[in-house]
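Visitor: Give the three-dimensional model of this entry:
(one chain, ligands or ions: 2)
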Amino acid sequence: MSRFDHRKYQRPPRVTGFTRTWPEREITRAPIWVSEDLRDGNQALLEPMTVAQKQKMWKLLMDIGIKEVMIGFPSASQHDYDFVRWLIEEDQIPDDVTIAALTQCRDHLIDKTFESLEGVSRAIIHLYNSTSTIQRERVFEMDQDGIIDIAVKGTQRVKQNAAARPGVHWRLEYSPESFSQTETDFAVRICEAVMDVWGPTPDDRIIFNLPNTVEQVGPHHHADQIEYFCQHIKNRDSVIVSVHTHNDRGGALAAAELAMLAGAERVEGCLLGNGERTGNMDIVVLAMNLYGMGVDPELDLSDPDEIIKVVHECTGIPLHPRHPWVGELVYTAFSGSHQDAIRKSLRKQGEDEPWQVAYLPIDPRDIGRDYQAVIRVNSQSGKGGMAFLLERDYGINLPRWMMLALAPHVQRESEKVTGELGSAAIRSLLFQHFDRQAPISLVDYSVRRAGEGQKVSVTLSEDGDQFTLEGQGNGPLSAFVHAWNEYTGDEIAIADYAEHALSTGSDADAIAFVQLKSDTTRIPAVAEDADTLSASMKAIISAINLSRETDETGQRGGLTALAG
Ligand SMILES: CC(=O)SCCNC(=O)CCNC(=O)[C@H](O)C(C)(C)COP(=O)(O)OP(=O)(O)OC[C@H]1O[C@@H](n2cnc3c(N)ncnc32)[C@H](O)[C@@H]1OP(=O)(O)O
Ligand SMILES: CC(C)C(=O)C(=O)O
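Guide: Numbering: from 1, shown residues only. Ligands and ions are numbered 1, 2, ... in the order given. Reported below is the predicted structural model:
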């Protein structure tokens, strides 16, 4: 075989002998969440957490509302042992929270696990042994009965230890480790053997945790395994089916979600997906997946930034900026069509109606993010993004023709700076290219009624000379344009026009946009001033000045110089 040869690997067989119902189901409620941060997450770290870090992680888990926490492997690690002692001796476990401790099926480890839990009022002993064919044949060198014997003896030892400590609510979790590489009927058989020893009841159920220890099958295949198990395990009402998915194929979340459809009631995972190799299933993402479908996740994820911070402090692992739901960039749209669609749908989104915003699966404000980060402008952006930023940061509503005129300047600038353009830079481009108060400038004007219309008297200055123009029209702007045409002999007209008051980010109180028409040329222009009429007069002057400039497209409007 060559070095990279797929024939080295085999497709695992599908599970048969059951009725597949999971594809027709929906998730309607949150699972029992189990944090593995202090165990599977911790065992995967280059530098396992110190007791202080574990305490910090514990506080976070309590704050977000996790009710079952795997606190570690106290028979294997002094840190874990000390941590569980701290939890118990310092009375840190709330009444509605249960801690769990992992142990192999070996007497001395089980005994030490119980010793570490002395004084607890309730706890889960999590017992595991490997059951897959590879583990049986190559690691343990045992047949199925030998593997069952390990589990049964381990359960007996747990039962003895529990019996010796009455007054504590001891629960058993058993994991046929490497379940997804185990023949499913054998997984059922070994769990039933454990069940026979432990004797669960519907009021005090045993937890069968079915780990996807190494994810080597697709999520649909895993869901079949879970549904087969749920349909075949005896005394199903005395069993809580739990899943523990890893992310080797990148499918830990999908596997956990489909497993819930297939009957799993309990889900183990880590915050932000830490854990062995590619990580455990990410509790934050699964909970947000439920939230985004309108299902109460029963966790408080309203402050993901705190989760990100604490997880980083405890694991040393930073978050990818595109991490689902909570990464720094996930509510940011760079590309133009996305920005345009977000802007339009946000405008139409009512406060009390279901969320319907294109490209934003949830309202970022729900998790303490805001629209600041939604839209950025770079060379991949279109007019929608820059218009959004001007509106959001300066209250400037660009008319569509001004968006079209400004967009190429923004595009060119963003290519020049090879990065992101902020709203301040976009605003400067708007005024740099479309506002000209020289060489002609407004000195003064007055407006008075004249019958149905208005008369204006406008004093302009050019190169130190002042000129007063008088004219009449339907309104002051058309009167100004008539005055100009009469004075200069030009034939300009206002093709389009918009003005509005400004509330933020500017010294001026009003902004006006004018699209002046001269022959076949249209000249877009802008100006600001203390009121909308002054801003509009100045916008016309901007257009006149701009018409006499040459840009890369040639002469703009070719209007007459006042003095000429
Ligand atoms: C998929 C998972 O994440 S499982 C959890 C894995 N996590 C950890 O292992 C972290 C903590 N573990 C440890 O520190 C150590 O493994 C200890 C302290 C628990 C045990 O250490 P050691 O006694 O040196 O044994 P080691 O872990 O190497 O296990 C190998 C032996 O245990 C046996 N064994 C392994 N797992 C189990 C099990 N679940 N139940 C019973 N026996 C087991 C093996 O057959 C082997 O036996 P052998 O020595 O007779 O061949
Ligand atoms: C101990 C078990 C649950 C485990 O960590 C795994 O199989 O991944």
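Visitor: tell me the centre residue of the chain?
Guide: In the chain, the centroid-proximal residue (C-alpha atoms, centre = their mean) is W325; its distance is 1.8 Å.
Visitor: mind listing what that residue touches?
Guide: V284, V285, M288, G292, P304, I362, I367 (C-beta atoms under 8 Å, 6 or more residues apart in numbering). Glycine gets a C-beta too; all of them are placed from N, C-alpha and C.
Visitor: make it 6 Å
Guide: Residues near W325 by C-beta atoms under 6 Å, 6 or more residues apart in numbering: V285, M288.
Visitor: Can we start the residue count at 42 from this point?
Guide: Sure thing, new numbering starts at 42, so read that last one as W366.
Visitor: quick check, it in a strand?
Guide: No - per DSSP: H, G, I helix; E, B strand; the rest coil, W366 lies outside any strand segment and is coil.
Visitor: Could you check how far it is from ligand 2?
Guide: Using C-beta to the nearest ligand atom, to the nearest Å, one gets 24 Å for the distance from W366 to ligand 2.
Visitor: any idea how far Q495 lies from ligand 1?
Guide: Distance, Q495 to ligand 1, using C-beta to the nearest ligand atom: 83 Å.
Visitor: if we can go back for a sec, could you report the pLDDT at the residue nearest to the centre of the chain?
Guide: At W366, the predicted lDDT confidence score is 97.
Visitor: Just the local confidence number for I248, please.
Guide: The per-residue pLDDT reported for I248 equals 99.
Visitor: burial count for it?
Guide: Number of residues near I248 (other C-beta atoms under 10 Å) recorded here: 23.
Visitor: host element of it?
Guide: strand 247-253 (DSSP states H and E).
Visitor: what does the helix ranked longest in the chain contact?
Guide: Looking across the chain with DSSP state H, the single longest helix is helix 185-204. The contact list for helix 185-204 (C-beta under 6 Å, 6+ apart) reads 146, 148, 151, 155, 166, 168, 170, 172, 177, 211, 227, 231, 234-235, 238-239.
Visitor: Leaving out chain neighbours, which residue sits closest to D104?
Guide: Leaving aside its chain neighbours, D104 sits nearest to D341 (7.1 Å; criterion: C-beta to C-beta, 6 or more residues apart in numbering).
Visitor: brain fart, P252
Guide: What sits nearest to P252 in space, not counting adjacent residues and going by C-beta to C-beta, 6+ apart, is H285, at 4.1 Å.
Visitor: So is the one helix or strand that neighbour maps to next to ligand 2?
Guide: Under the criterion of DSSP H and E, H285 resides in strand 280-286. Yes - judged by C-beta under 6 Å from any ligand atom, strand 280-286 comes into contact with ligand 2 at H285.
Visitor: What pLDDT is listed against G460?
Guide: pLDDT recorded at G460 is 72.
Visitor: how about it, secondary structure?
Guide: coil.
Visitor: Grab the nearest non-local neighbour of D78.
Guide: In space, D78 is closest to C311, 4.9 Å off (C-beta to C-beta, 6+ apart).
Visitor: In this structure that neighbour contacts N321, no?
Guide: Yes - judged on C-beta atoms under 6 Å, C311 makes contact with N321 at a distance of 4.3 Å.
Visitor: Extract the residue ranges of the stretch 492-605 of the chain that are flagged as low pLDDT.
Guide: Within the stretch 492-605 of the chain, the ranges that satisfy pLDDT under 70 run 545-547, 591-605.
Visitor: So the residue nearest to P252 versus ligand 1, what's the distance?
Guide: Using C-beta to the nearest ligand atom, we find H285 at a distance of 9 Å from ligand 1.
Visitor: can you check I581 too?
Guide: Distance of I581 to ligand 1, computed by C-beta to the nearest ligand atom: 75 Å.
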